[in-house]
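# Fold the following.
(one chain, ligands or ions: 1)
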Amino acid sequence: MTDPHLGSRLEELEERRARLYEELAEVGDFRRGSVSENYRRCGKATCACAGPDHPGHGPRFLWTRSVPGRGTRGRQLSGAEVGKVRGELAGYDRFAALSQRIVEVNEAICEARPVLPVAESSPGSGDEKGGPATNLGPISPPDSKRRSPPK
Ligand SMILES: [Zn+2]
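Next comes the predicted model:
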């Protein structure tokens, strides 16, 4: 109300935040982590995978993600699942990017929003009624009375 420019900036930021929340709602299913594609040798000397040019058996697809405090967790994926899971991982990237922007716009809103005027009836302002304003009021520093004027 004191600064009209400030108000319009706040409004603009709130609109931006509302759009980001709408985008967030449209992200859909998402999950963290990554999909790895692995080939391995079974170890049998007679198997084709023992050949120097053989990539090994596979591919075997794993979805892995790091869980705070519990290390890396993973699960093997069926071939049919891989495309779906990759799409969900991309969804997490969209979610993470949007949530970062939401954090930033919220901080800007906090900075732009003016402080509310202090209510008249707030406790602690009892000076006019003669009540104790604060507990520290009547206490003076211990040595202030002892200090004698210089002679
Ligand atoms: Zn083999």
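# Residue numbers of this protein in contact with the ion?
Residues of the chain lying near the ion by CB under 5 Å from the ion: Cys42, Cys47, Cys49. Any C-beta I mention is one placed from the backbone N, CA and C, and that applies to glycine too.
# Of the residues you listed - the most surrounded one?
Cys49 (15 neighbours; other CB atoms under 10 Å).
# thinking that one is in contact with Gly58, fair?
No. Contact criterion CB atoms under 8 Å: Cys49 and Gly58 do not qualify, at 9.3 Å.
# May I see the residues of the chain next to the ion organised as JSON lines, with distance to Val118 added?
Listed next are the residues of the chain next to the ion as JSON lines, based on distance: CB to CB, whole Å:
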{"residue": "Cys42", "distance to Val118": "75"}
{"residue": "Cys47", "distance to Val118": "80"}
{"residue": "Cys49", "distance to Val118": "77"}
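# Could I get those residues in JSON lines, plus columns for pLDDT?
Putting those into JSON lines (pLDDT from 0 to 100) gives the following:
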{"residue": "Cys42", "pLDDT": "94"}
{"residue": "Cys47", "pLDDT": "96"}
{"residue": "Cys49", "pLDDT": "95"}
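# Where helices are concerned, which of those count?
Judged by DSSP state H, helices contain none of the residues of the chain next to the ion.
# so where does Arg94 fall, helix or strand?
Arg94 belongs to helix 82-112 when assigned by DSSP states H and E.
# per-residue confidence averaged over that helix?
On average, the pLDDT along helix 82-112 is 97.
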